[in-house]
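# would you be able to build a 3D model of this:
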Amino acid sequence: MNEYDSARIADMLRSRNLTQTDDPADADLIILNTCAVREKAAEKLFHQLGRWKSYKNSNPNCIFAVGGCVASEEGRKIRSRAKTVDIVFGPQTYHRLPEMIERVENGDGPQIDVSFPQNEKFGVLPKNSGSSISSFVTIMEGCSHFCSYCIVPYTRGSEVSRPVNEIISEIQTLRDNGAKEINLLGQNVNCFRGINSDGSICSFPELLYRVNEIDGIERLKFTTSNPIEFTQELIDAFADLKKITNALHLPVQSGSDRILKLMNRSYTSDDYRDMVRRLRLVRPEISISSDFIVGFPTETDDDFEDTMRLIRDIRFDNSFSFIYSKRPNTPAAAMEDPIPLETKKQRLSQLQQLIETYTMQYSREMHGTVQEVLVEGRSPVGNFLCGKTLNGRTANFEGSDDMIGKLVNVKITEVLPHSLKGEIERSK
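Predicted coordinates:
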């Protein structure tokens, strides 16, 4: 989502006749877009600002702006610790950045706006100028579930969905710019409740059917899903819509029902197993990835074993897994945390090693098969084209540039730890 936000900020500033530079020494404006999900995010911010201080010294008129979730979390504290910062803005106020820049240039002093105006920014941002084969589109923001460990509701606000016609229009623009794959974004993307042009409410599965109808869009993905809202209607969409890829990210966080309750996740491990079972009935080949928090306060050996049992039952293809990170002002931050750090590290290593065995097993099963690949461009290494299979793996193969943006059949000839090699399957 930060990637999407950063791209939209760049679109907005280009529409105000600013040009982008890769060298901060040449910049008149430096923007740091931040994420607060992990611990020590604020300290990383201030370390980065310290490293950039020389740019301010050599160009006193250079404007420093800090945005995103750390800005929302820290607010005025950022200015008190880093006087080089001229502007602080939140995830919901980056559309106001041009006016804030103008006020700084006019000598009105530092500008801080971390408020939560609902959906205002999408109505004033310029058209998405993205030209990637695979493009992001935010459909909703915020979270209203208040998991006990999570800071997102406090930094991005409660759930707000964009109107359906805005989303469709943005996707059509991206399609016209060359996009073939759309990745719908939201903190809880399947909690989407957008307004149709007739005033009715559009559910997330209904939106998928609408996007599926857009000519020229070949593939459809979404992230991140919440198991609480992973309905049968959504599973039916996987059965009906062949444009939805075979890669689903469905965060579970823990396999222990006791820990899930402490996390305020509102489902059990068996609920999760049942969702995956029903999904695999309609998509047997689907690749499931997930999020895991290891070492949540009071997690016992038995709790951790419950998580490992769930992993063995589901056979996850990939994961984003971390040691529990205490976030300020969340309920979990007040919980006793008696687990030694070394124990947490050992558990994390065990979990990651187990999932890695499944990742490699799935990759090896692809050896010798023919996979549909969406060609995204030239590989950064070697004279190869690269693209993604339906289950999200990167495949490298020889081919001509006129294949970029197209779906091609590739026979997998070699399996590497983080990618596949192949050759174009010629039609007979």
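
# phi and psi next, for residue 291.
phi -110, psi 140 (degrees, to the nearest 10).

# which residues does it bridge with?
Beta bridges link residue 291 to residue 320, judged by DSSP bridges.

# what about it, how many neighbours?
15 (other Cβ atoms under 10 Å). (Glycine included, C-beta is placed from N, CA and C.)

# would you check that it makes contact with residue 253?
Yes. Counting by Cβ atoms under 8 Å, residue 291 does reach residue 253; the two are 5.9 Å apart.

# point out where the chain drops to low pLDDT.
Scanning the chain for pLDDT under 70 picks out 39, 119, 126, 427-428.

# can you give me the helices for it?
Per DSSP state H, the chain carries helices over the ranges 2-14, 41-58, 69-74, 77-81, 97-105, 120-124, 152-156, 164-176, 204-212, 232-240, 257-263, 269-282, 301-314, 341-366.

# so which of those gets nearest residue 333?
When the helices of the chain are compared by Cβ to Cβ, helix 152-156 sits nearest residue 333, at 11.5 Å.

# please tell me how far the nearest residue to residue 20 once chain neighbours are set aside sits from residue 19.
Residue nearest to residue 20 in three dimensions, not counting chain neighbours: residue 10, with 6.1 Å by Cβ to Cβ, 6 or more residues apart in numbering. Note on residue 10: its distance to residue 19, by Cβ to Cβ, to the nearest Å, is 10 Å.

# can you check residue 226 too?
Taken as Cβ to Cβ, the span from residue 226 to residue 19 is 39 Å.

# please say which of these two ends up with more neighbours.
Counting neighbours by other Cβ under 10 Å for residue 226 and for residue 19 shows that residue 226 has the greater number, 20 against 6.

# circling back: the residue nearest to residue 20 - how many residues pack around it?
Other residues within reach of residue 10, judged by other Cβ under 10 Å, total 15.

# residue 138 now?
Neighbours of residue 138 using other Cβ under 10 Å come to 21.

# mean neighbour count, the helices of the chain: which tops it?
Among the helices of the chain, helix 69-74 has the highest mean neighbour count (mean count of other Cβ atoms under 10 Å), at a mean of 25.

# that helix packs against which elements?
Secondary-structure packing of helix 69-74 (3 or more Cβ pairs under 8 Å, 6 or more residues apart in numbering; DSSP states H and E): strand 29-34, helix 41-58, strand 85-89, helix 152-156.

# and the second one with strand 85-89, angle?
Orientation of helix 41-58 against strand 85-89 (axes from the mean of the first three to the mean of the last three Cα atoms, to 10 degrees) gives an angle of 140 degrees.

# the inter-axis angle of helix 41-58 versus strand 29-34?
If you take the same axes, to 10 degrees, helix 41-58 sits at 170 degrees to strand 29-34.

# what's the offset of helix 41-58 from the middle of its chain?
Taking Cα atoms, centre = their mean, to the nearest Å, the mean C-alpha location of helix 41-58 is offset from the chain mean by 25 Å.

# and if you look at stretch 372-380?
Distance of stretch 372-380 from the chain centroid (Cα atoms, centre = their mean) equals 21 Å.

# flag every buried residue along it.
If you call a residue buried by 16 or more other Cβ atoms under 10 Å, then stretch 372-380 has these buried ones: 372, 373, 374, 375, 376, 379.

# residues contacting that stretch, please?
Contacts of stretch 372-380 with the rest of the structure, by Cβ atoms under 8 Å, 6 or more residues apart in numbering, involve 132-134, 180-181, 218-219, 384-390, 395-397, 399, 401, 403-410, 422.

# rerun that using 6 Å as the cut-off
With Cβ atoms under 6 Å, 6 or more residues apart in numbering as the test, stretch 372-380 has contacts from 133, 181, 219, 385-390, 395-396, 403-404, 406-408, 410.

# try stretch 397-407
Stretch 397-407 is contacted by residues 133, 180, 218, 372, 374, 375, 377, 385, 410, 422, 423, 424 when judged by Cβ under 6 Å, 6+ apart.

# and the spatially closest residue to the fifth one that is not a sequence neighbour, what is it in contact with?
It stands for residue 374. Nearest non-adjacent residue to residue 374, counting by Cβ to Cβ, 6+ apart: residue 387, 5.0 Å away. Listed by Cβ under 6 Å, 6+ apart, the contact set of residue 387 reads 373, 374, 375, 376, 395.

# apply 10 Å and report the result again.
In this structure, residue 387 makes contact with 133-134, 181, 371-377, 379, 393-397, 399, 403-408, 410, judged by Cβ atoms under 10 Å, 6 or more residues apart in numbering.

# and for residue 203?
By Cβ under 10 Å, 6+ apart, the contact set of residue 203 is 190, 191, 192, 193, 194, 209, 229, 231, 233, 234.

# what do you get for residue 226?
Contacts here follow Cβ under 10 Å, 6+ apart; on that basis residue 226 touches 143, 145, 147, 186-191, 250-251, 265-267.

# okay, now residue 64: neighbour count?
Neighbours of residue 64 using other Cβ under 10 Å come to 24.

# hang on, isn't it packed against residue 71?
No. Between residue 64 and residue 71 there is no contact under Cβ atoms under 10 Å: 11.7 Å.

# need the residues touching each of those two.
Common contacts of residue 64 and residue 71, defined by Cβ under 10 Å, 6+ apart, comprise 32, 78, 85, 87, 88.

# now those in JSON lines, with distance to residue 152?
Below are those laid out as JSON lines (distance: Cβ to Cβ, whole Å):
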{"residue": "32", "distance to residue 152": "19"}
{"residue": "78", "distance to residue 152": "19"}
{"residue": "85", "distance to residue 152": "23"}
{"residue": "87", "distance to residue 152": "23"}
{"residue": "88", "distance to residue 152": "19"}
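
# from those residues, pick the one nearest residue 340.
Of all those, residue 340 sits closest to residue 78, with 33.5 Å by Cβ to Cβ.

# give the contact list for the closest one.
For residue 78, the contact set (Cβ under 10 Å, 6+ apart) comprises 34, 42, 45-46, 49, 64, 66, 70-71, 85, 87-88, 110, 112, 114.

# can I get stretch 367-383 as PDB, trimmed to CA atoms?
What follows is stretch 367-383, C-alpha atoms only, in PDB (Å, rounded to 0.1, in the frame of the first residue of the first chain):
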ATOM      1  CA  HIS A 367       9.600 -28.900 -13.000                       C
ATOM      2  CA  GLY A 368       8.800 -30.200 -16.500                       C
ATOM      3  CA  THR A 369       5.300 -28.600 -16.500                       C
ATOM      4  CA  VAL A 370       4.100 -25.900 -18.800                       C
ATOM      5  CA  GLN A 371       3.100 -22.700 -17.000                       C
ATOM      6  CA  GLU A 372       1.200 -19.700 -18.200                       C
ATOM      7  CA  VAL A 373       3.400 -16.700 -17.600                       C
ATOM      8  CA  LEU A 374       2.600 -13.000 -17.800                       C
ATOM      9  CA  VAL A 375       5.700 -11.400 -19.200                       C
ATOM     10  CA  GLU A 376       6.600  -8.300 -17.300                       C
ATOM     11  CA  GLY A 377       9.900  -7.300 -18.900                       C
ATOM     12  CA  ARG A 378      13.600  -8.000 -19.000                       C
ATOM     13  CA  SER A 379      15.200  -9.800 -16.100                       C
ATOM     14  CA  PRO A 380      17.800  -7.700 -14.100                       C
ATOM     15  CA  VAL A 381      20.200 -10.600 -14.400                       C
ATOM     16  CA  GLY A 382      21.100 -12.200 -17.700                       C
ATOM     17  CA  ASN A 383      19.600 -11.800 -21.200                       C
END
